[in-house]
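Asks: What shape does this take:
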Amino acid sequence: MNKFLYLILPLLFISCVKKIQPTVLGNVQGINLPTQESWNSTITFTDSGIVKAILYADNIQTPEGSTQKIMKGNIIIDLFDENGKHSSTITSERGKANEDTYDIEVEGNVIVTSDSGVVVRSEKMIWNQQRQRVISETNVHISSLTEIIRGIGFESDQHLRDYKVFQVSGITTK
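Replies: Numbers count the residues shown, from 1 in each chain. As a prediction, this is how the structure comes out:
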């Protein structure tokens, strides 16, 4: 019986010790975590079965309670005309896509290149899905086959055929 107590007594003490469970996330606050996250993602925007845009991003996150998709890494957006024919491409380093309006705001080394050869560079650009317009309120540098235009503020159709620069600071012809 004495030997039995020597075996049981230590087991009782071990089972009474409060166990500390390590946290899986360390110091990360749950409120900062996205509710959805995807890597090397492709999102296709369509209207009545016609592709309007295809977005590629290295990382897409949806914060809790938000209608914004936060995009990081290499972002490429291929834009298509009303017949589904490719018209231009937007590239950038980061951005946001609104799930309600389907508008996309990109920033960081933004380059918009039309299939006709027009190239627009800016630090920030918005693609308005409903109006099919590309808009910037920052510095822009536009290079076409015939001229180079620099200025502040820009709006164009997504084909870069009919564009306006609001504060032109320089024009050079080629």
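Asks: now the strands for this protein?
Replies: Here the chain has its strands, by DSSP state E, at 34-47, 50-63, 68-80, 86-98, 104-114, 119-128, 133-143, 147-157, 163-173.
Asks: quick one: strands adjacent to the fourth one?
Replies: Here the strand partners of strand 86-98, with direction, are listed using DSSP bridges: strand 68-80 (antiparallel), strand 104-114 (antiparallel).
Asks: Out of those strands, which gets nearest to residue 127?
Replies: Of all the strands paired with strand 86-98, strand 104-114 sits nearest to residue 127, with 4.6 Å by C-beta to C-beta. For every residue, glycine as well, the C-beta is placed using N, CA and C.
Asks: which stretches of this protein have low pLDDT?
Replies: By pLDDT under 70, the low-scoring segments of the chain are 1-32.
Asks: can you count the residues close to residue 97?
Replies: For residue 97, the count of nearby residues is 26 (other C-beta atoms under 10 Å).
Asks: same thing with residue 42?
Replies: Neighbour count for residue 42, taken as other C-beta under 10 Å: 11.
Asks: who's in contact with the residue nearest to it when sequence neighbours are not counted?
Replies: Leaving aside its sequence neighbours, residue 42 sits nearest to residue 56 (C-beta to C-beta, 6 or more residues apart in numbering; 5.4 Å). By C-beta atoms under 8 Å, 6 or more residues apart in numbering, the contact list for residue 56 reads 41, 42, 74, 75, 76, 77, 78.
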